[in-house]
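S.K.: Return a 3D structure for these sequence lines:
(chains A and B)
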Amino acid sequence: MKFKVNNNEVFASTGGRPFDKKKPLIIFVHGSGLTHMTWVLQTRYFAFHGYNALAIDLPGHGLSSGESLKSIEEMADWVNDVIDAVGHKEASLVGHSQGCLVTVECTSRYPNKIKTLSLMGGAGAIPMNPELLSLAENNDPKAVDLMMDWAHGPAGHFGGHPVPGLYHINTGTMLAKSRTIQNTLGVDFRACDNYKNGFEAAKNIKCPTLSILATDDKMCPVKEGKKLASLIDGSQVDIIDNCGHMMLLEEADRVLTVLKKFITTNYPPLSS
Amino acid sequence: MSDKKKELKPNTYKFDTLSLHAGYQPHKNAGSRQVPIYQTTSYLFDDVDHAAALFNLERGGHIYSRISNPTVGVLEERVASLEGGTAALATSSGMSAIFLTVMTLCEAGDHLVVSSQLYGGTVNLFRLTLPKFGIKCTFVKPRDTEGFKKAIQKNTKGIFGELVGNPGNEIMNMPEIAKIAHDAGIPLMVDATYQTPYLCKPFEHGADIVIHSLTKWMAGHGSSMAGILVEGGKFDWMQNDKFPTMTKPYEGYHGLSFAEEFGPTAFTMKARAEGMRDFGPCLSPQNAWNVLQGIETLSVRMKKHCSNAEEMVKYLSNHESVAWVSHPSVPDHPDHELAKKLLPNGRGSMIAFGIKGGKDAGVAFINNVKLASHLANVGDTRTLVIHPASGTHSQMDEATLKFAGLSHDMIRLSVGIEDIDDIKNDFEIGFRAARKPRLVSNQ
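M.R.: Next up, the predicted model:
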């Protein structure tokens, strides 16, 4: 579906179901340089089981217009604006990687609106390798190739996509190259590198929170994810073996099973 | 110790490694080092909810082997990885891959621009069969790049061609034709069977969909039929209103928009969800496994195919019984320079040559070679020969043969990986017979 936030058109996948204001809202926030399509193996399930699942394209990404937002704080406020724009008073948030920084900050800023928080491959800070940051800001496609290398675990490098016939790494590469790299990945990496408030923001979070971490995640290692989770009261942690940072694709079924249990328990769907 | 900073390099696996490993994780398959053959029609559901989720594309997984199969899935991922594509869909043959591609792209009333130099079966599909489905085609000679542009109509949905035409070895100027297609907002579909991804990766030159008859060099051993379509993932289906079945809600899946939902893999998802469901040209797991065995040695075999082919080009070019030789490695081949650019790892192992004495000499040659096999296939490990005018393209009339660039003296040679001296010795037997065609044919 398309709607406007701050006069810019926003695209969000609804998981193949029409948006229905009566249903509880889950917002999925993608990682650096990526798009709503990274969530396809999670959103469709929720969309068909009593929720409005909105996998958003951040401004300037995927099918959304406007320019990329330059800070995690701006993105957090923008997610709050999305909730308002679609006519809801509350939402459950799910983030991946940079999307975790955004959703942590948003939950901290708008505690009354956010009912559950699910973090995948999250950390309190994501400092960037200076060379990788420079490549992305200079529009070098090598930045995408490096990101795809580091983002997939050893097993993920062989493929084994849960959807028959799809090849992880090349699909991710195409998503990250679908818009001008310096305007998406470059801006996002800089925003991640600049963001310093993650651990403080986490201390303010009181809603049920889940962290899904992966043993082979080189971008947000398990110890960093656990450190963030330890600052959030009652946070649940689930660790996936033999999996890298792209757990939402590499181990899509496992992620969906854990996510489904957590969200349906803490933020029940509209019963049919 | 040097203080020079180490340059960052992606450590994703390279071609030869992907040929052996891509698409398969042993730890998810009982530790089996070899890809298991999942000889089954169907797959247990955990519960009713799980079944509904699979049917509704909410989860990845397998339902019924017409739609997908784990062994076939490994092959699909492996070929996608080697091509640099996002996704692939394997089929029962190369022809079914072409048919499925067209039926995923087009509806009745649509039009395609098609290279005229194609395998005879493909010509008949575009010329005679697709019009029965309301899909019309305009044929353009592969070297007539401007002709492709002129042939595009308002209802044209794509351009199709073989990168190196069968059997005349004319090469499409893929980068220029891709630009023409993209300027018109339509995709370029390339049959790259002759090249395999070892010799050329068409996505790097602008193609959007790549098709292979895996039966040929990819499988390589003449044992199994298989085809595949591979998606490049760059084509924007939403850029115009030409592809409503990709971009508009699809009734068959609760209003799903393939382009919105699956982006760089939308075409393959639609081809599988709709095409395999409705047409069903599925690949058997045994044949998928056979093809996987072939792909494991693809680069090793292709090097030998190409070196033997270049030796045969030299031998034929200097032979008194040969009127002409067509192979992109020949300096006076009209596409020699283009071939250097598009096929840097080798120019392939398909040679067309004209035998002095015309059709009778050609028939005598074919009937007398002993090592080379006379059959309707290419890309076997063994050397193959055929006389196209009386074989693969025999269903064409004179005018169509001429338009397809075929002559009665043409012999199509698929060079195998035998010892090169043995191939040459065998050809000497054929040429000797060809010089006395009447005598031999009366034996």
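S.K.: What's the per-residue pLDDT of residue 84 here?
M.R.: Using chain A here. On pLDDT, residue A:84 comes in at 97.
S.K.: Actually, chain B is the one I wanted.
M.R.: 97.
S.K.: now stretch A:22-41: how far from the chain's centre is it?
M.R.: 6 Å (CA atoms, centre = their mean, to the nearest Å).
S.K.: Tell me if that stretch is near chain B.
M.R.: Yes - Stretch A:22-41 is in contact with chain B by CB under 8 Å from any CB of the partner chain, via A:35, A:37, A:40, A:41. Bear in mind the C-beta positions are built from the backbone N, C-alpha and C, glycine included.
S.K.: among these, which two are most distant?
M.R.: A:35 and A:41 (14.1 Å; CB to CB).
S.K.: between those two, who's got more neighbours?
M.R.: Taking neighbours as other CB atoms under 10 Å in any protein chain shown, residue A:35 and residue A:41 compare with residue A:35 leading, 25 against 22.
S.K.: Give me the distance between the nearest residue to residue B:13 once chain neighbours are set aside and residue B:15.
M.R.: Counting by CB to CB, 6 or more residues apart in numbering or on different chains, residue A:157 is the residue found nearest to residue B:13 once chain neighbours are left out, at 6.1 Å. Distance of residue A:157 to residue B:15, given as CB to CB, to the nearest Å: 14 Å.
S.K.: How about residue A:51?
M.R.: With CB to CB as the criterion, residue A:51 and residue B:15 are 43 Å apart.
S.K.: Spell out, range by range, the strands that occur in the chain.
M.R.: The chain I'm using is chain A. A:2-5, A:8-13, A:25-29, A:52-56, A:91-96, A:114-120, A:209-214, A:236-240 (DSSP state E).
S.K.: Hmm, no, I was thinking of chain B.
M.R.: Going by DSSP E, chain B shows strands at B:87-91, B:111-115, B:136-140, B:156-162, B:188-191, B:209-213, B:227-231, B:322-326, B:350-355, B:373-374, B:384-386, B:410-414.
S.K.: With mean neighbour count and distance to chain A as extra columns, can I get those strands in TSV?
M.R.: Supplementary listing: the strands of chain B in TSV, determined by neighbours: other CB atoms under 10 Å in any protein chain shown; distance: least, CB to the nearest CB, whole Å:
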stretch	mean neighbour count	distance to chain A
strand B:87-91	31	5
strand B:111-115	25	24
strand B:136-140	20	27
strand B:156-162	24	19
strand B:188-191	28	16
strand B:209-213	28	13
strand B:227-231	31	9
strand B:322-326	19	35
strand B:350-355	24	28
strand B:373-374	15	33
strand B:384-386	23	30
strand B:410-414	25	29
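S.K.: Which among those is found nearest to residue B:244?
M.R.: So among these, strand B:156-162 is nearest, using CB to CB, at 10.9 Å.
S.K.: Only C-alpha atoms, please: export that closest one in CSV.
M.R.: Provided in CSV are the C-alpha atoms of strand B:156-162 (Å, rounded to 0.1, in the frame of the first residue of the first chain):
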residue,chain,number,x,y,z
THR,B,156,5.7,-6.1,-27.5
LYS,B,157,6.6,-7.7,-24.2
GLY,B,158,10.1,-8.8,-24.7
ILE,B,159,13.0,-9.7,-27.0
PHE,B,160,14.3,-13.3,-27.3
GLY,B,161,17.3,-14.7,-28.9
GLU,B,162,20.1,-17.3,-28.6
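S.K.: Strand B:209-213 and that strand, what's the angle between them?
M.R.: 40 degrees (axes from the mean of the first three to the mean of the last three CA atoms, to 10 degrees).
S.K.: Mind giving me the packing neighbours of strand B:156-162?
M.R.: If you count contacts as 3 or more CB pairs under 8 Å, 6 or more residues apart in numbering or on different chains; DSSP states H and E, strand B:156-162 packs onto helix B:94-105, strand B:111-115, helix B:174-183, strand B:188-191.
S.K.: neighbours of the residue in chain B positioned nearest to chain A, just the number please.
M.R.: Closest approach between chain B and chain A, counting by CB to the nearest CB: residue B:60, at 3.0 Å. Other residues lying near residue B:60 total 21 when counted by other CB under 10 Å.
S.K.: what's the closest non-adjacent residue to it?
M.R.: Residue B:60's closest residue in space is residue A:162 (CB to CB, 6+ apart), at 3.0 Å.
S.K.: buried stuff in stretch B:252-268?
M.R.: Neighbour counts over stretch B:252-268 (16 or more other CB atoms under 10 Å in any protein chain shown) mark B:253-254, B:256-268 as buried.
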